[in-house]
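In: the following block contains a protein sequence and its predicted model.
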Amino acid sequence: RSTSTWTTSTSTTTMWQVMMVPPRIGFLRNTLSGRCIDVSGTSGLAAGNQLQLGDCEFVMLDETGDTDQYLLLDEFGYLRSRASEKCIAYSSGGLSIQDCIIDDSTDDGLVASAGHRWVYTETGRLRNQARGKCFAPKPNDNQPGTARDTRLTWTECDFVDGVFANQRWEWVLPGRRTMA
C-alpha cells in the first residue's frame, strides 16, 4: 500500500490510499457462466460502451491484444481494455469503459479515480477499492445472469456461494485457456 498525505500547521490529513496489487493480464472468465467480460459495440473501443458477458474470443487474440476482452489489471488497480487502453469504471448504466482518470483530486479532496480502481480478491471477485462493491452480471428474475450479452454491474459482494456465485472470475492466459 502507498499513502499520500498533506500537512497543515495544525494537522496531517490522509488524502487517499492506493492499494498496490500484483499486475495481471489476460481474459476474465465468469466461473458460473464460462463467458468472458466483453465490451459492447462493434469494435468495443468507444468510451461509454457497456460491459457484458460474451463468448470468450481466445482465437481472436494476436500479439497486439486485438480483442476487447483482453484486459490488464495494473499494480495500481486500474483494469484496462488492452485494445482501447480505456479503464473499466462504474457509470449510471452499469460497468463501462471510460477514459482513465489517474488520481485527479476534486475540490473536496476526494480522488476522482476511485471508481476506476479494482482488486482481484483471493476468492476470485473483482472488488472496487473505493466502494467495496463487486463485478457481477445483472440477475434475471432472481437468477444469476449467465446468458450472452448480459450486462455487467456492481453489487454488494456476496462472500458465500449462494445465488450470487456469479461474482467469481478467473484469469485465463492467452493461448492456454486455463487459469492465470
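Out: Received, thanks.
In: what about the helices in this protein?
Out: Using DSSP state H, the chain contains no helices.
In: give me the low-pLDDT residue ranges for it?
Out: Applying pLDDT under 70 to the chain flags residues 1-22, 42-44, 59-66, 103-114, 159-164, 175-180.
In: which residues touch Arg127?
Out: 118-119, 121, 133-134, 157 (C-beta atoms under 8 Å, 6 or more residues apart in numbering). All C-beta atoms are positioned from the backbone trio N, CA, C, and that covers glycine.
In: would you mind checking the residues you listed for buried ones?
Out: 118-119, 133-134, 157 (16 or more other C-beta atoms under 10 Å).
In: can you put those in TSV and add distance to Arg82?
Out: Output for those, formatted as TSV (distance: C-beta to C-beta, whole Å):
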residue	distance to Arg82
Trp118	15
Val119	19
Lys133	24
Cys134	22
Cys157	26
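In: give me the neighbour count for Gly93.
Out: 10 (other C-beta atoms under 10 Å).
In: so how far is Leu51 from it?
Out: Gly93 sits 10 Å away from Leu51, taking C-beta to C-beta, to the nearest Å as the criterion.
In: repeat that for Pro23.
Out: 20 Å.
In: higher neighbour count, those two?
Out: Each of Pro23 and Leu51 has its neighbours counted (other C-beta under 10 Å); Leu51 has more, 26 against 12.
In: what sits against that one?
Out: Contacts of Leu51 (C-beta under 8 Å, 6+ apart): 37-40, 88, 94-97, 151-152.
In: before we move on, what about Ile88?
Out: 51, 71, 79-81, 95-98, 116, 118 are the contacts of Ile88 under C-beta under 8 Å, 6+ apart.
In: hey, what's it bridged with?
Out: Ile97 (DSSP bridges).
In: distance of it from Thr31?
Out: 19 Å.
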